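In: Fold the following, please.
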Amino acid sequence: FVVLWIGFALASAVFFFVLWAALSLYHYDARPALGFVLQWLAAATLYPLVHSLMQYAIAKLRILQPEK
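Out: A predicted model of the protein is given here:
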């Protein structure tokens, strides 16, 4: 599952980098867009990763402390 997200993140990063490079070739100032893309990419990859880690931790705690 984590490998899937890392693969998705890498594919997205490569895609956006190519897009940014293409825009830069047309003398378009793509730095603000790149900043936005990096923020979006960080949010898209970090949120599910943190969410899955939290779910894993909660599951472990439930196993360690069964409900009475």
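In: Identify each buried residue in the helix or strand bottoming out on mean pLDDT in the chain, please.
Out: In the chain, the helix or strand scored least confidently by mean pLDDT, DSSP states H and E is helix 2-25, which has a mean of 74. Buried residues in helix 2-25, counted by 16 or more other C-beta atoms under 10 Å: 9, 16, 20. From N, CA and C alone the C-beta is placed, and that goes for glycine too.
In: Quick check: of those, which lies closest to residue 44?
Out: residue 9 (7.7 Å; C-beta to C-beta).
In: In space, what's closest to the closest one - neighbours in sequence excluded?
Out: Closest residue to residue 9 apart from its sequence neighbours, by C-beta to C-beta, 6 or more residues apart in numbering: residue 45 at 4.2 Å.
In: the inter-axis angle of the host helix or strand of that neighbour versus helix 2-25?
Out: Residue 45 belongs to helix 31-64 when assigned by DSSP states H and E. Regarding helix 31-64 and helix 2-25, their directions subtend 170 degrees when assessed with axes from the mean of the first three to the mean of the last three C-alpha atoms, to 10 degrees.
In: by contact count, what packs against helix 31-64?
Out: Packing contacts for helix 31-64, counted by 3 or more C-beta pairs under 8 Å, 6 or more residues apart in numbering; DSSP states H and E, involve helix 2-25.
In: by contact count, what packs against the helix it packs on?
Out: By 3+ C-beta pairs under 8 Å, 6+ apart, helix 2-25 packs against helix 31-64.
In: With residue 22 as the reference, measure out to residue 49.
Out: Distance of residue 49 to residue 22, given as C-beta to C-beta, to the nearest Å: 29 Å.
In: circling back: surely the residue nearest to residue 9 touches residue 7?
Out: No. With contact defined as C-beta atoms under 8 Å, residue 45 does not reach residue 7; the gap is 10.6 Å.
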